[in-house]
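**Q** Okay, sequence plus prediction incoming.
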Amino acid sequence: DAGITQSPRYKITETGRQVTLMCHQTWSHSYMFWYRQDLGHGLRLIYYSAAADITDKGEVPDGYVVSRSKTENFPLTLESATRSQTSVYFCASSDPRVAGVTDTQYFGPGTRLTVL
Amino acid sequence: DAKTTQPPSMDCAEGRAANLPCNHSTISGNEYVYWYRQIHSQGPQYIIHGLKNNETNEMASLIITEDRKSSTLILPHATLRDTAVYYCIVRVAMGGAQKLVFGQGTRLTINP
């Protein structure tokens, strides 16, 4: 019963490099989300996906790319990492079909990314 | 989504009930109140949600005032592991794209 997992948990990269953060959920939830969390800003939505092959921008999408070829995976790619993208990244999933619960999101453990 | 106001921090003694308030005076009729918490360095964790009636689950109780302009999350017997930032979120349950807007929350410290 893995739930929702993220990898890597920690990543250090350099400015200009491409890096991909992985998110995998075992519940077959239709919705998946990427947030970033910075001191003083709380959590901010980057991208979300309503289903496989359907993605949409959140509050802070610039510099990020997502894809969702399979329901269970939702990778987040920083095409050319910048220092301002140093943050903790959380993936989440939800499914309105879950009986008795609406709009509840289940979060992964997070990936701490440092861009030097 | 309606704006929420929470105290920035609170303390509670271990074993006592922790009562976390939230004001949402502009809440509209179809907006739910959700509570999440985030324990240090972990992902946010869903606690409870409600619309009009008081709700209780294995983690907490949610008391919503009759005019729905405020609510209180109650942790009945707080433990040290309940030390976390607690977020009150008000939003429409659309059964669809459910982006959560997290404010600054209340930092709850449980003292031994």
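**A** Cool, the structure landed.
**Q** Mind listing the strands the helix or strand bottoming out on mean pLDDT in chain A pairs with, and their directions?
**A** Within chain A, confidence by mean pLDDT, DSSP states H and E is lowest for strand A:42-51 among all helices and strands, at a mean of 89. If you go by DSSP bridges, strand A:42-51 pairs up with strand A:31-38 (antiparallel), strand A:54-57 (antiparallel).
**Q** Please spell out which residues along the last one are buried.
**A** It refers to strand A:54-57. A:T55 (16 or more other CB atoms under 10 Å in any protein chain shown). Placement of C-beta: from N, CA and C, glycine included.
**Q** which residues of chain A fall in strands?
**A** A:4-7, A:10-13, A:19-25, A:31-38, A:42-51, A:54-57, A:64-66, A:76-78, A:87-94, A:106-107, A:111-115 (DSSP state E).
**Q** and the residue in chain B that chain A sits nearest to, what pLDDT?
**A** Using CB to the nearest CB, B:G43 is the residue of chain B that sits closest to chain A, at 3.1 Å. The model reports B:G43 with a pLDDT of 92.
**Q** Wait, it touches A:A92, no?
**A** Yes. Using CB atoms under 8 Å, B:G43 and A:A92 qualify as a contacting pair, with a distance of 7.4 Å.
**Q** Let's have the strands paired with strand A:42-51 in TSV, adding mean pLDDT and distance to A:L21.
**A** Formatted as TSV, the strands paired with strand A:42-51 follow (pLDDT from 0 to 100; distance: least, CB to CB, whole Å):
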stretch	mean pLDDT	distance to A:L21
strand A:31-38	93	8
strand A:54-57	91	15
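**Q** can you tell me which of those strands comes nearest to B:G29?
**A** Among the strands paired with strand A:42-51, the nearest to B:G29 by CB to CB is strand A:31-38 (24.4 Å).
**Q** quick one, the closest one and strand A:87-94 angle?
**A** On the basis of axes from the mean of the first three to the mean of the last three CA atoms, to 10 degrees, strand A:31-38 is oriented at 160 degrees to strand A:87-94.
**Q** So what touches strand A:31-38?
**A** A:21, A:23, A:25, A:43-51, A:58, A:60, A:64, A:66, A:68, A:74, A:76, A:85, A:87-96, A:105, A:110, B:96-99 (CB atoms under 8 Å, 6 or more residues apart in numbering or on different chains).
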